[in-house]
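Trainee: Provided below are the primary sequence and the corresponding predicted coordinates.
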Amino acid sequence: MAGTSSADPIVLSSDDNDDDEEECEVAKVVEGSKSSKTKTRLKDPSSSDSSTTAASVPTSIKYNHPPQDFFPASASFRTALSELISSFENNETKKSHPVHRVVYCSTPSSVCIYDKYHKARKHLLLIPRPDKSPLGKLSSINDIIPSIHLQHLRSFHALGREIASAVSGSCTDDKSGKYPMLCGYHAVPSLTPLHLHIISSDFHSDCIKNKKHINSFTDASFFISPDFLERHVESAPSAGMRVQANAQRATAIINSTPFRCFRCGAPSGTVPQWKFHNSACNAKVPEGRCNASLLGWKSNSSSVGSANVKKRRADDESSGNKGKDIRKFFGSNKGGGGEGSIY
């Protein structure tokens, strides 16, 4: 079965400014007496190879968020991530191709891209490759089957944590550690395929425009941490189960939860008021934020992938939800991932 191998290197995306003296230092992998200054390759931190040491993992990778017009156009908002990954894989060896401008780093099993509509100063998406990882065929955490995916999740999450650590090490605007990096999944995402958010907890962004944007990252139920997801998957009552997030409860969280500071709990009446308080609040991010209110289990009576999607559509139709697709659940996406989506 495909997955992260013991020789899975991280490839740092390069741009036209590789020789800029102001760029952050990146740890180099030394092969014999030679060291590479470009196309730096680093051992995948999720590797089981005992030769992977702290010296081979970068302490700082340059973070340079591209403007929105650098991102390739997509035929559908819902499948924008799939199309971007496909474009990257088709042009991976063509380093001058524009798609490389929106890729932060990659391994043979995963690709880490900048979030087009970033909801914080630092915001990345880690996506498993569709043909190189068993996780790459999943639409969301709702497709996770413990007996198939648990070990691959652990490796995927280990890679995400290492990337988060590298991004944190490159931050020049947070020397105090006030805004730690967070990793997590949306319980009910607006985009496929499965993707892990790696985001700084400042939540300073012009792309935050409504309650959905705030609650989808600050609510401890909706934004599910890798550690919590692993514990939930480990607790599966039987091998024939798959993860299921409660979509009805998720709707209530996204649309009805009051504006509150996720650090100190202070209420706000509007998005501008929340942003003003958020920029001034000095409380630390609380630990152990995630809880289990949205996660449950469902019997897996069909194969992973398109069969599961078809089954869920059939379930929706039988319960009177015919025609209520994910875009209606999250609202209009006019303006591209801005107003109605949570991206």
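Mentor: Noted; the coordinates are in hand.
Trainee: can you give me the helices in the stretch 201-343 of the chain?
Mentor: Under the criterion DSSP state H, counting those that start in this stretch, the stretch 201-343 of the chain carries helices at the ranges 211-218, 226-234, 247-256, 271-280, 306-318, 326-330.
Trainee: Check those for me: which has the lowest mean pLDDT.
Mentor: Sorting these by mean pLDDT places helix 326-330 lowest, at a mean of 35.
Trainee: Can you list the residue ranges for strands in the stretch 151-300 of the chain?
Mentor: Here the stretch 151-300 of the chain has its strands, by DSSP state E, counting those that start in this stretch, at 181-186, 196-200, 223-224, 241-245, 259-260, 267-268, 295-299.
Trainee: Kindly compare burial across these and name the winner.
Mentor: strand 196-200 (a mean of 26; mean count of other Cβ atoms under 10 Å). Every residue, glycine included, has its C-beta placed from N, CA and C.
Trainee: Rounded mean pLDDT for that one, please.
Mentor: Averaging pLDDT along strand 196-200 gives 97.
Trainee: low-confidence ranges in the stretch 51-200 of the chain?
Mentor: Counting by pLDDT under 70, the stretch 51-200 of the chain contains low-confidence ranges at 51-60, 170-177.
Trainee: buried stuff in the helix or strand in which Leu84 is found?
Mentor: Element membership for Leu84 (DSSP states H and E) is helix 80-90. The neighbour-count check on helix 80-90 (16 or more other Cβ atoms under 10 Å) flags 80-82, 84-85, 87-89 as buried.
Trainee: ok, Ile163 - how many residues close by?
Mentor: 25 (other Cβ atoms under 10 Å).
Trainee: That one: what's it in contact with?
Mentor: Taking Cβ atoms under 8 Å, 6 or more residues apart in numbering, we find Ile163 in contact with 61, 104-105, 112, 124, 126, 198.
Trainee: Now intersect the residues you listed with the helices, please.
Mentor: In helices, defined here by DSSP state H, there are no members of those.
Trainee: Please report how far Ser140 lies from Glu230.
Mentor: 16 Å (Cβ to Cβ, to the nearest Å).
Trainee: Compare these two and say which is more crowded by neighbours.
Mentor: The neighbour comparison of Ser140 against Glu230 (other Cβ under 10 Å) goes to Ser140, with 21 against 15.
Trainee: What distance do you get for that one to Arg263?
Mentor: Taking Cβ to Cβ, one finds Ser140 at 28 Å from Arg263.
Trainee: Met181 now?
Mentor: In terms of Cβ to Cβ, Met181 sits 15 Å off from Arg263.
Trainee: Also Ser82?
Mentor: Here Ser82 is placed at a distance of 34 Å from Arg263 (Cβ to Cβ).
Trainee: and what of Ser87?
Mentor: 38 Å.
Trainee: just checking, Ile127 touches Thr192?
Mentor: No. Assessed by Cβ atoms under 8 Å, Ile127 is found out of contact with Thr192, at 10.0 Å.
Trainee: Spit out the residues that contact these two alike.
Mentor: By Cβ under 8 Å, 6+ apart, Ile127 and Thr192 have these common neighbours: Leu81.
Trainee: Those two - which one has more neighbours?
Mentor: Neighbour count, other Cβ under 10 Å: between Ile127 and Thr192, Ile127 has more, with 25 against 17.
Trainee: State which helix of this protein is the longest.
Mentor: Assignment by DSSP H gives helix 146-169 as the longest helix of the chain.
Trainee: got the angle between that one and strand 241-245?
Mentor: Angle, helix 146-169 to strand 241-245, by axes from the mean of the first three to the mean of the last three Cα atoms, to 10 degrees: 50 degrees.
Trainee: May I have helix 146-169 as CSV, with CA atoms only?
Mentor: Taking Å, rounded to 0.1, in the frame of the first residue of the first chain, the C-alpha atoms of helix 146-169 are listed here in CSV:
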residue,chain,number,x,y,z
PRO,A,146,-9.7,3.2,11.3
SER,A,147,-8.4,-0.2,10.1
ILE,A,148,-7.2,1.3,6.9
HIS,A,149,-6.1,4.9,7.6
LEU,A,150,-5.0,5.2,11.2
GLN,A,151,-1.2,4.6,10.6
HIS,A,152,-1.2,6.9,7.6
LEU,A,153,-3.0,9.6,9.6
ARG,A,154,-0.2,9.5,12.2
SER,A,155,2.5,9.9,9.6
PHE,A,156,0.5,12.7,7.8
HIS,A,157,0.0,14.5,11.1
ALA,A,158,3.7,14.2,12.0
LEU,A,159,4.6,15.9,8.7
GLY,A,160,2.0,18.6,9.4
ARG,A,161,3.5,19.3,12.9
GLU,A,162,7.0,19.6,11.4
ILE,A,163,5.9,22.1,8.8
ALA,A,164,4.0,24.1,11.5
SER,A,165,7.2,24.2,13.5
ALA,A,166,9.3,25.3,10.5
VAL,A,167,6.7,28.1,9.8
SER,A,168,6.7,29.2,13.4
GLY,A,169,10.5,29.3,13.4
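Trainee: who's Leu295 bridged to?
Mentor: Beta-bridge pairing of Leu295 under DSSP bridges involves Ala245.
Trainee: next one: phi and psi at Val99?
Mentor: phi -60, psi -30 (degrees, to the nearest 10).
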